[in-house]
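Chemist: have a look at this prediction, sequence included:
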Amino acid sequence: DTEVTQTPKHLVMGMTNKKSLKCEQHMGHRAMYWYKQKAKKPPELMFVYSYEKLSINESVPSRFSPECPNSSLLNLHLHALQPEDSALYLCASSQVRGHSYEQYFGPGTRLTVT
Amino acid sequence: GIQVEQSPPDLILQEGANSTLRCNFSDSVNNLQWFHQNPWGQLINLFYIPSGTKQNGRLSATTVATERYSLLYISSSQTTDSGVYFCAVEDTGRRALTFGSGTRLQVQP
(Lines give C-alpha, C1' and ligand atoms only; values in the text may rest on other atoms or scores of the structure.)
Protein backbone atom coordinates (compact mmCIF):
# COMPACT_ATOMS: atom_id res chain seq x y z
CA ASP A 1 0.00 0.00 0.00
CA THR A 2 1.51 3.35 -1.06
CA GLU A 3 -1.28 5.57 0.13
CA VAL A 4 -1.04 8.90 1.87
CA THR A 5 -4.38 10.33 2.94
CA GLN A 6 -5.21 13.97 3.60
CA THR A 7 -8.23 15.61 5.15
CA PRO A 8 -10.14 17.71 4.42
CA LYS A 9 -10.11 17.74 0.60
CA HIS A 10 -11.32 21.33 0.50
CA LEU A 11 -11.27 24.05 3.15
CA VAL A 12 -12.58 27.60 3.12
CA MET A 13 -11.60 29.74 6.06
CA GLY A 14 -11.70 33.37 7.09
CA MET A 15 -8.62 35.31 8.09
CA THR A 16 -9.53 35.09 11.79
CA ASN A 17 -10.23 31.35 11.83
CA LYS A 18 -8.11 28.53 13.21
CA LYS A 19 -8.13 25.27 11.31
CA SER A 20 -5.96 22.17 10.90
CA LEU A 21 -4.95 19.98 7.98
CA LYS A 22 -4.32 16.31 8.61
CA CYS A 23 -2.10 13.80 6.84
CA GLU A 24 -1.75 10.08 7.53
CA GLN A 25 0.38 7.23 6.16
CA HIS A 26 0.75 3.59 7.15
CA MET A 27 3.79 2.66 5.07
CA GLY A 28 6.18 2.75 8.02
CA HIS A 29 7.85 5.87 6.63
CA ARG A 30 9.73 7.99 9.15
CA ALA A 31 10.00 11.18 7.08
CA MET A 32 6.97 13.36 6.38
CA TYR A 33 6.69 16.61 4.45
CA TRP A 34 4.43 19.56 3.79
CA TYR A 35 4.53 21.27 0.39
CA LYS A 36 2.55 24.27 -0.85
CA GLN A 37 1.49 24.65 -4.48
CA LYS A 38 0.09 27.84 -5.95
CA ALA A 39 -1.85 27.72 -9.20
CA LYS A 40 0.26 26.93 -12.27
CA LYS A 41 3.41 26.66 -10.14
CA PRO A 42 5.41 23.65 -8.90
CA PRO A 43 5.12 22.43 -5.30
CA GLU A 44 7.42 24.18 -2.84
CA LEU A 45 8.71 22.66 0.37
CA MET A 46 7.45 24.04 3.67
CA PHE A 47 8.48 21.57 6.39
CA VAL A 48 10.24 18.22 6.84
CA TYR A 49 9.88 15.89 9.82
CA SER A 50 12.35 13.07 10.36
CA TYR A 51 11.68 10.57 13.16
CA GLU A 52 8.93 12.90 14.41
CA LYS A 53 11.34 15.82 14.80
CA LEU A 54 11.27 18.96 12.70
CA SER A 55 14.38 18.91 10.52
CA ILE A 56 13.65 21.56 7.88
CA ASN A 57 11.56 24.74 8.11
CA GLU A 58 11.77 26.73 4.89
CA SER A 59 11.31 30.06 6.68
CA VAL A 60 7.55 29.56 6.74
CA PRO A 61 5.53 32.29 8.53
CA SER A 62 4.48 31.39 12.07
CA ARG A 63 0.80 31.42 11.10
CA PHE A 64 1.57 27.90 9.81
CA SER A 65 2.39 25.54 12.67
CA PRO A 66 3.32 21.91 11.91
CA GLU A 67 2.97 19.03 14.32
CA CYS A 68 3.98 15.37 14.10
CA PRO A 69 2.25 13.59 17.02
CA ASN A 70 3.43 10.12 15.95
CA SER A 71 5.16 8.36 13.09
CA SER A 72 1.96 8.00 11.04
CA LEU A 73 0.40 11.43 11.47
CA LEU A 74 1.29 14.95 10.37
CA ASN A 75 -0.79 18.02 11.07
CA LEU A 76 -0.59 21.60 9.84
CA HIS A 77 -2.28 24.12 12.13
CA LEU A 78 -3.46 27.32 10.46
CA HIS A 79 -4.15 30.62 12.18
CA ALA A 80 -4.68 34.17 10.95
CA LEU A 81 -4.00 33.28 7.35
CA GLN A 82 -3.94 35.77 4.49
CA PRO A 83 -5.74 35.47 1.13
CA GLU A 84 -2.35 34.86 -0.55
CA ASP A 85 -2.07 31.65 1.48
CA SER A 86 -4.79 30.14 -0.68
CA ALA A 87 -3.17 27.13 -2.37
CA LEU A 88 -3.05 23.36 -2.65
CA TYR A 89 -1.30 21.89 0.40
CA LEU A 90 0.37 18.56 -0.26
CA CYS A 91 1.66 16.05 2.25
CA ALA A 92 4.27 13.42 1.41
CA SER A 93 6.19 10.65 3.14
CA SER A 94 9.32 8.59 2.50
CA GLN A 95 11.81 6.24 4.06
CA VAL A 96 14.68 7.83 5.94
CA ARG A 97 17.24 5.05 5.59
CA GLY A 98 17.84 2.43 2.95
CA HIS A 99 18.12 2.28 -0.81
CA SER A 100 15.04 4.19 -1.89
CA TYR A 101 13.95 7.58 -0.66
CA GLU A 102 11.01 7.77 -3.02
CA GLN A 103 8.41 10.26 -1.83
CA TYR A 104 4.70 9.48 -2.01
CA PHE A 105 2.17 12.27 -2.05
CA GLY A 106 -1.35 12.59 -0.75
CA PRO A 107 -4.18 14.06 -2.85
CA GLY A 108 -3.84 17.47 -1.20
CA THR A 109 -6.07 19.93 0.60
CA ARG A 110 -7.29 22.83 -1.51
CA LEU A 111 -7.39 25.85 0.83
CA THR A 112 -9.21 29.10 0.15
CA VAL A 113 -8.73 32.02 2.55
CA THR A 114 -11.44 34.66 2.37
CA GLY B 1 20.22 25.55 -3.86
CA ILE B 2 19.93 23.07 -6.68
CA GLN B 3 18.35 24.29 -9.93
CA VAL B 4 15.96 22.13 -11.96
CA GLU B 5 14.94 23.08 -15.49
CA GLN B 6 12.33 21.28 -17.56
CA SER B 7 11.64 21.54 -21.25
CA PRO B 8 9.52 22.12 -23.14
CA PRO B 9 7.18 24.16 -20.90
CA ASP B 10 4.17 23.31 -23.05
CA LEU B 11 3.49 20.50 -25.49
CA ILE B 12 0.46 19.73 -27.64
CA LEU B 13 0.27 16.30 -29.27
CA GLN B 14 -2.16 14.36 -31.36
CA GLU B 15 -3.26 11.06 -29.89
CA GLY B 16 -0.83 8.32 -30.85
CA ALA B 17 2.22 10.58 -31.08
CA ASN B 18 5.45 10.09 -29.13
CA SER B 19 7.22 12.70 -27.02
CA THR B 20 10.35 13.32 -24.97
CA LEU B 21 10.42 15.54 -21.90
CA ARG B 22 13.74 16.74 -20.51
CA CYS B 23 14.94 17.62 -17.01
CA ASN B 24 18.32 19.27 -16.35
CA PHE B 25 19.67 19.70 -12.83
CA SER B 26 22.60 21.68 -11.55
CA ASP B 27 24.20 19.41 -8.92
CA SER B 28 24.60 15.79 -7.77
CA VAL B 29 21.38 14.17 -6.60
CA ASN B 30 20.33 11.33 -4.28
CA ASN B 31 16.89 11.05 -5.74
CA LEU B 32 15.14 11.96 -8.96
CA GLN B 33 11.44 11.40 -9.47
CA TRP B 34 9.02 11.99 -12.33
CA PHE B 35 5.41 12.79 -11.47
CA HIS B 36 2.21 13.31 -13.41
CA GLN B 37 -0.15 15.79 -11.80
CA ASN B 38 -3.74 15.17 -12.78
CA PRO B 39 -6.40 17.92 -13.08
CA TRP B 40 -7.46 17.32 -9.46
CA GLY B 41 -3.96 18.02 -8.19
CA GLN B 42 -2.87 14.50 -7.31
CA LEU B 43 0.81 13.86 -7.91
CA ILE B 44 1.17 10.38 -9.35
CA ASN B 45 4.55 8.69 -9.07
CA LEU B 46 5.84 7.67 -12.48
CA PHE B 47 9.47 6.82 -11.82
CA TYR B 48 12.04 6.89 -9.05
CA ILE B 49 15.19 7.06 -11.16
CA PRO B 50 18.36 8.62 -9.70
CA SER B 51 20.30 6.82 -12.45
CA GLY B 52 19.79 4.32 -15.24
CA THR B 53 16.77 3.42 -17.34
CA LYS B 54 13.32 2.15 -16.40
CA GLN B 55 10.21 1.31 -18.35
CA ASN B 56 6.59 1.05 -17.33
CA GLY B 57 4.19 0.33 -20.16
CA ARG B 58 4.16 3.22 -22.62
CA LEU B 59 6.41 5.30 -20.40
CA SER B 60 10.14 5.05 -19.94
CA ALA B 61 12.77 7.20 -18.29
CA THR B 62 16.51 7.58 -18.42
CA THR B 63 18.75 9.49 -16.02
CA VAL B 64 22.39 10.22 -16.83
CA ALA B 65 23.57 11.38 -13.43
CA THR B 66 27.11 12.23 -14.56
CA GLU B 67 25.70 14.65 -17.15
CA ARG B 68 22.92 15.88 -14.86
CA TYR B 69 19.86 15.25 -16.97
CA SER B 70 16.88 12.95 -17.17
CA LEU B 71 14.47 12.17 -20.00
CA LEU B 72 10.88 10.94 -19.86
CA TYR B 73 9.56 9.21 -22.98
CA ILE B 74 5.85 8.88 -23.67
CA SER B 75 4.92 6.63 -26.57
CA SER B 76 1.55 6.26 -28.30
CA SER B 77 0.11 9.12 -26.24
CA GLN B 78 -3.50 9.02 -25.08
CA THR B 79 -5.83 11.82 -23.99
CA THR B 80 -5.53 10.54 -20.43
CA ASP B 81 -1.82 11.42 -20.54
CA SER B 82 -2.77 15.12 -20.47
CA GLY B 83 -1.67 17.08 -17.42
CA VAL B 84 1.51 18.46 -15.95
CA TYR B 85 4.69 16.39 -15.73
CA PHE B 86 7.13 17.33 -13.01
CA CYS B 87 10.71 16.31 -12.48
CA ALA B 88 11.86 16.62 -8.87
CA VAL B 89 15.29 16.08 -7.37
CA GLU B 90 16.73 15.65 -3.91
CA ASP B 91 20.27 16.96 -3.66
CA THR B 92 22.86 15.29 -1.47
CA GLY B 93 22.59 16.30 2.17
CA ARG B 94 19.07 17.65 2.08
CA ARG B 95 16.01 15.43 2.55
CA ALA B 96 13.56 17.35 0.38
CA LEU B 97 12.51 17.52 -3.25
CA THR B 98 13.06 20.54 -5.47
CA PHE B 99 10.65 20.57 -8.39
CA GLY B 100 11.16 21.81 -11.89
CA SER B 101 8.58 24.17 -13.34
CA GLY B 102 6.87 21.32 -15.19
CA THR B 103 5.82 20.44 -18.74
CA ARG B 104 2.15 20.99 -19.47
CA LEU B 105 1.04 18.28 -21.91
CA GLN B 106 -2.18 18.35 -23.87
CA VAL B 107 -3.07 15.31 -25.97
CA GLN B 108 -5.78 15.98 -28.50
CA PRO B 109 -8.04 13.25 -29.93
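Modeler: Structure's in. What do you need?

Chemist: show me which residues of stretch A:66-80 are buried.
Modeler: Within stretch A:66-80, the residues that count as buried by 16 or more other CB atoms under 10 Å in any protein chain shown are A:66, A:68, A:71, A:74-76, A:78. To be clear about C-beta, it is placed using only N, CA and C from the backbone, and glycine gets the same treatment.

Chemist: so for these, which is the shakiest by pLDDT?
Modeler: Lowest pLDDT among these: A:S71, with 92.

Chemist: ramachandran angles for that one?
Modeler: Dihedral pair for A:S71: phi -70, psi -10, per degrees, to the nearest 10.

Chemist: could you do A:E84 as well?
Modeler: phi -70, psi -10.

Chemist: count of neighbours near it?
Modeler: 8 (other CB atoms under 10 Å in any protein chain shown).

Chemist: quick one: contacts for the residue of chain B found nearest chain A?
Modeler: Nearest residue of chain B to chain A, counting by CB to the nearest CB: B:F99, 3.6 Å away. Applying CB atoms under 8 Å, 6 or more residues apart in numbering or on different chains, we find B:F99 in contact with A:42-44, B:4, B:86-88.

Chemist: now it: closest residue in space that isn't a chain neighbour?
Modeler: A:P42 (3.6 Å; CB to CB, 6 or more residues apart in numbering or on different chains).

Chemist: can you count the residues close to that neighbour?
Modeler: By other CB under 10 Å, neighbour count at A:P42 equals 21.

Chemist: quick check: it touching B:Y85?
Modeler: No. Using CB atoms under 8 Å, A:P42 is not in contact with B:Y85, being 11.0 Å away.

Chemist: so what sits against both of those two?
Modeler: What both A:P42 and B:Y85 touch, as defined by CB under 8 Å, 6+ apart, is the set B:G102.

Chemist: need the contact partners of stretch A:47-58.
Modeler: By CB under 8 Å, 6+ apart, stretch A:47-58 touches A:30-34, A:44-46, A:60, A:66, A:68-71, A:74, A:76, A:96, B:94-96.

Chemist: I'd like the mean pLDDT over it, please.
Modeler: Mean predicted confidence for stretch A:47-58 is 95.

Chemist: before we move on, what about stretch B:76-94?
Modeler: The model assigns stretch B:76-94 a mean pLDDT of 92.

Chemist: quick one: mean pLDDT over stretch A:24-39.
Modeler: Mean predicted confidence for stretch A:24-39 is 96.

Chemist: residue numbers of chain A in contact with chain B?
Modeler: A:2, A:31, A:33, A:35, A:37, A:41-45, A:48, A:50, A:55-56, A:88, A:90, A:92, A:94, A:96, A:100-105, A:107-108, A:110 (CB under 8 Å from any CB of the partner chain).

Chemist: now with 10 Å, please.
Modeler: Contact residues (CB under 10 Å from any CB of the partner chain) of chain A with chain B: A:2, A:4, A:9, A:31, A:33, A:35, A:37, A:40-50, A:55-56, A:58, A:88-90, A:92, A:94, A:96, A:100-110.
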